[in-house]
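Asks: sequence below, structure please.
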Amino acid sequence: MKKPILLIFLFFLSFFLTGCGSSSDSGDNGVNAPAGTFQTGLASWYGAEYHGRQTASGEIFDRNAMTAAHRELAFQTKVEVTNLENGRQVTVKINDRGPFVEGRIIDLSERAADELGMKIAGLAQVSLKIVP
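Replies: Here you go, the predicted model:
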């Protein structure tokens, strides 16, 4: 579990060293994708060890909130996530950057993962749809 923490640290360090870090009210915090844009791939989740820490958007991470981390989507983007293995759906708000593991497209809060029925498995094939 120390490797993901190191990767997160290096990610944030690179932003501070290059002066490219974004603040929560800068407005320029990622790709503004139009509603209906789809992406399909592997989702994971994060929870207790990050609970109460500041996210990349400046918000405090709450593992019980319906939030997620995405590498490119703008903060505050709402995304409908569908678990392709069981058909369950949730809507989450992007407020963080990640996942930092290759091959994954979104990191969900613990609550979102639980509602999608993927908390125990840890991973699930999902589709993402930007919603207004």
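
Asks: can we go C-alpha only for contacts and neighbour counts from here?
Replies: Will do.

Asks: pass me the low-pLDDT residue ranges in the protein, would you?
Replies: Low-confidence segments of the chain (pLDDT under 70): 1-29.

Asks: tell me where it has strands.
Replies: 38-46, 67-69, 78-83, 89-96, 104-109, 124-131 (DSSP state E).

Asks: any idea which of those is most buried?
Replies: Comparing those by mean neighbour count (mean count of other Cα atoms under 10 Å), strand 67-69 ranks first with a mean of 28.

Asks: thinking again about what came up before, of the strands of the chain, which is nearest residue 55?
Replies: strand 89-96 (5.2 Å; Cα to Cα).

Asks: can you tell me which of the strands of the chain is nearest to residue 53?
Replies: Per Cα to Cα, nearest to residue 53 of those: strand 89-96, 11.0 Å.

Asks: hang on, the earlier thing: could you export the strands of the chain as TSV, including distance to residue 54?
Replies: TSV is the format used below for the strands of the chain (distance: least, Cα to Cα, whole Å):
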stretch	distance to residue 54
strand 38-46	14
strand 67-69	12
strand 78-83	19
strand 89-96	9
strand 104-109	14
strand 124-131	24
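
Asks: right, so of those strands, which gets closest to residue 57?
Replies: strand 89-96 (5.3 Å).

Asks: from the contact counts, what lies against the closest one?
Replies: strand 67-69, strand 78-83, helix 110-115 (3 or more Cα pairs under 8 Å, 6 or more residues apart in numbering; DSSP states H and E).

Asks: in the last one, what's buried?
Replies: Along helix 110-115, these residues count as buried under the neighbour rule (16 or more other Cα atoms under 10 Å): 110-113.

Asks: and it, how far from the chain's centre?
Replies: 12 Å (Cα atoms, centre = their mean, to the nearest Å).

Asks: any chance of a markdown table for the helices and strands packed on strand 89-96, columns distance to residue 32?
Replies: As requested, these are exported to a markdown table (distance: least, Cα to Cα, whole Å):
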| stretch | distance to residue 32 |
| --- | --- |
| strand 67-69 | 15 |
| strand 78-83 | 11 |
| helix 110-115 | 22 |
